[in-house]
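In: prediction below, plus the sequence it came from.
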There are 2 protein chains.
Amino acid sequence: MKELDPLLHSQLRLAVMSVLMNVEEADFVYLREKTESTAGNLSVQLDKLSAAGYISVEKGFAGKKTRTVCRITPGGRKAFEAYVDALRDYIGR
Amino acid sequence: MKELDPLLHSQLRLAVMSVLMNVEEADFVYLREKTESTAGNLSVQLDKLSAAGYISVEKGFAGKKTRTVCRITPGGRKAFEAYVDALRDYIGR
DNA sequence: ATAAATCGGTTTATAATATAAACCAAATAT
DNA sequence: ATATTTGGTTTATATTATAAACCGATTTAT
């Protein structure tokens, strides 16, 4: 059986990646709402995904408020696809 | 997004359940080989699945050697199916 | 017969993880 | 002006996963 990439085998990180697979870009607030997570938890998990090179995180401004925009990277996309593929060994189909 | 049952969202426990979904019964040694896990880790995870009522664990003998046989329960089967269903929200298809 | 290695596990210690709580600086509302 | 909210980050804690150490019974080798 294939390994399940531990970076993706985490509910919140997987949810984030799942959103980012379908949406060109998403900011912190949107991700927090979509994944129904706390800001602290989300912040930590975004760091991990970013450190792994699975997403890019860009801090900027929207008017005067800070705005953190995330995007999936090509490497992240590949990793997500590999993870899903490995999962099929476990759950069938 | 649905919750991912934390009892099943663990590589080894998921692998065990995956095997048991397709095989009427399986003993400890077979599960250890099939999942490529250490005996200690497997023992702990079997306990958790058993405590949750997802599998039954029966200790007996095969000749003179002890033999631990596991089976998935109806509740375990349902939980596995619900988990797979929830996962689809994350990974598509 | 006895020592030593193996088998089938369990218990326990440790490292890694996930998560929320506490915090912070800037902006907005009162 | 001060209180509240916004958009986060840092830190502390609880849970988890995992391997290491162990155990009793059984083979195997000497």
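Out: Perfect, thanks for sending it. Predicted model, so just to flag it, every value in this text is computed and none were measured.
In: next, the buried residues of the helix of greatest length in chain A.
Out: Longest helix of chain A, by residue count under DSSP state H: helix A:74-91. For helix A:74-91, burial by neighbour count (16 or more other C-beta atoms under 10 Å in any protein chain shown) applies to A:Gly76, A:Ala79, A:Phe80, A:Tyr83, A:Val84, A:Ala86, A:Leu87, A:Tyr90, A:Ile91. To be clear about C-beta, it is placed using only N, CA and C from the backbone, and glycine gets the same treatment.
In: ok, and the closest non-adjacent residue to the third one?
Out: Pointing back at A:Phe80 there. Leaving aside its chain neighbours, A:Phe80 sits nearest to A:Met17 (5.2 Å; criterion: C-beta to C-beta, 6 or more residues apart in numbering or on different chains).
In: for that neighbour, which three-state class applies?
Out: Here A:Met17 is helix, with the state taken from DSSP: H, G, I helix; E, B strand; the rest coil.
In: give me the neighbour count for whichever residue of chain A sits closest to DNA strand C.
Out: With C-beta to the nearest atom of the strand, the shortest gap between chain A and DNA strand C falls at A:Gly40, namely 2.1 Å. The number of residues packed near A:Gly40 is 8, by other C-beta atoms under 10 Å in any protein chain shown.
In: and it, how far is that from A:Asp47?
Out: From A:Gly40 across to A:Asp47, the span is 11 Å (C-beta to C-beta, to the nearest Å).
In: what average pLDDT does stretch A:80-93 get?
Out: Stretch A:80-93 carries an average pLDDT of 93.
In: how far does stretch A:24-44 stretch from one end to the other?
Out: Here the two ends of stretch A:24-44 are set 21 Å apart, with distance taken as C-alpha to C-alpha, to the nearest Å.
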